[in-house]
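Trainee: What follows is a predicted protein model with its sequence.
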Amino acid sequence: MVSVIIPTFGRPEYLSDAVRSVTDQTYRPIELIVVDDNSELAVQLDPIEGVLLKIVRHVRNLGPGAARNSGMAHASGQYVTFLDDDDRLHPDRIRVGVDDIGEAFMHSVSSNRSQRAFEGDMRNTLQHGELPSVTQVLFRRSDLLQFDSTLRVSEDIEWWIRMTDRAVFSRSAMIGLMIRQHDSIRPGVDHRVRARCRTAVLERHYRHLDRRGRSFHLLRAASAELVAGRRLVAARYASMSWLARPSLLAAKIVANLFRRPGRAE
């Protein structure tokens, strides 16, 4: 059995397409777990042979990490994959993943946003901060770790850092995930929350990252702090990123911070 976990909050116009992309899979059996993170959505699904539907409801909004944790707590499949409520799976995605995962910990396919997908032993790559954010991944349930439910954003990045020692992928050459492009953002997230979460990830894992990884996460924190209006903190993180590994982006952030008003790019 493969468990597909869809956390959802406030996007009913997209959820039905995500659910349909799971029920239309050519693989059986499937366990579809929809985690309603306190948006009171009505999920309607007629009985489908080989598809077990579970609805998990939160009495208050707990965020994406907690929603994924709830889904994992209710999952019984040998394999697990996550699907955002605004995206869709290719009909053969799960069948190909189960067929091709072999002895690897994870199976990766590309998305319509990028042909990039991880293959082989990617533990050094993840330590550099190059995260598989544009691929679709099937996991062995026994290998999954819990998400940090205190993080409203960057919970997936923090989770991947802790999953680094299991980052051995098999890969199939297919576009298995259709990512929907739209302007809506995750509800309840403001610039200060984003900066706080990125800083928390940086501080938690800084000692365990190599220079390239440190530079990457310092830049993410600097960008978020700059948008949140904390210019001095942004300057400190950007300068630290430059010292860890010089980059054009770090230099540009520092330069723009010290431009006179009206002259910024």
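Mentor: Sure, I can see it. Residues are numbered from 1 along each chain as shown.
Trainee: buried residues in stretch 222-229?
Mentor: A222, S223, A224, E225, L226, A228 (16 or more other Cβ atoms under 10 Å). Every residue, glycine included, has its C-beta placed from N, CA and C.
Trainee: what mean pLDDT would you report for that stretch?
Mentor: What stretch 222-229 shows for mean pLDDT is 91.
Trainee: Go ahead and name everything in contact with that stretch.
Mentor: 191-192, 194-195, 198-199, 231, 233-235, 237-238, 241, 250, 253, 257 (Cβ atoms under 8 Å, 6 or more residues apart in numbering).
Trainee: among those residues, which two are most distant?
Mentor: Based on Cβ to Cβ, the longest span within the contacts of stretch 222-229 runs between R192 and A250 and measures 22.3 Å.
Trainee: So for the two, which residue has more residues nearby?
Mentor: A250 (22 against 14; other Cβ atoms under 10 Å).
Trainee: Give me the buried positions along the strand or helix carrying the more buried one.
Mentor: According to DSSP states H and E, A250 maps onto helix 248-257. The neighbour-count criterion (16+ other Cβ under 10 Å) identifies A250, I253, V254, N256, L257 as the buried residues of helix 248-257.
Trainee: V137 is in what secondary structure piece?
Mentor: Counting by DSSP H and E, the element that carries V137 is strand 135-140.
Trainee: The top helix by length along the chain vs helix 248-257, what angle?
Mentor: Using DSSP state H, we find that the single longest helix of the chain is helix 211-227. Inter-element angle recorded for helix 211-227 and helix 248-257: 30 degrees (by axes from the mean of the first three to the mean of the last three Cα atoms, to 10 degrees).
Trainee: Extract the C-alpha set from helix 211-227 and format it as PDB.
Mentor: What follows is helix 211-227, C-alpha atoms only, in PDB (Å, rounded to 0.1, in the frame of the first residue of the first chain):
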ATOM      1  CA  ARG A 211      30.600  26.300   4.200                       C
ATOM      2  CA  ARG A 212      28.400  26.100   1.100                       C
ATOM      3  CA  GLY A 213      25.400  25.100   3.200                       C
ATOM      4  CA  ARG A 214      26.100  27.800   5.800                       C
ATOM      5  CA  SER A 215      26.300  30.400   3.000                       C
ATOM      6  CA  PHE A 216      23.000  29.200   1.500                       C
ATOM      7  CA  HIS A 217      21.100  29.400   4.800                       C
ATOM      8  CA  LEU A 218      22.700  32.700   5.800                       C
ATOM      9  CA  LEU A 219      21.500  34.200   2.600                       C
ATOM     10  CA  ARG A 220      18.000  32.900   3.100                       C
ATOM     11  CA  ALA A 221      17.900  34.500   6.500                       C
ATOM     12  CA  ALA A 222      19.400  37.700   5.300                       C
ATOM     13  CA  SER A 223      16.700  38.100   2.500                       C
ATOM     14  CA  ALA A 224      13.900  37.400   4.900                       C
ATOM     15  CA  GLU A 225      15.200  39.800   7.600                       C
ATOM     16  CA  LEU A 226      15.600  42.500   4.900                       C
ATOM     17  CA  VAL A 227      12.000  42.100   3.800                       C
END
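Trainee: Sweet, I'm off.
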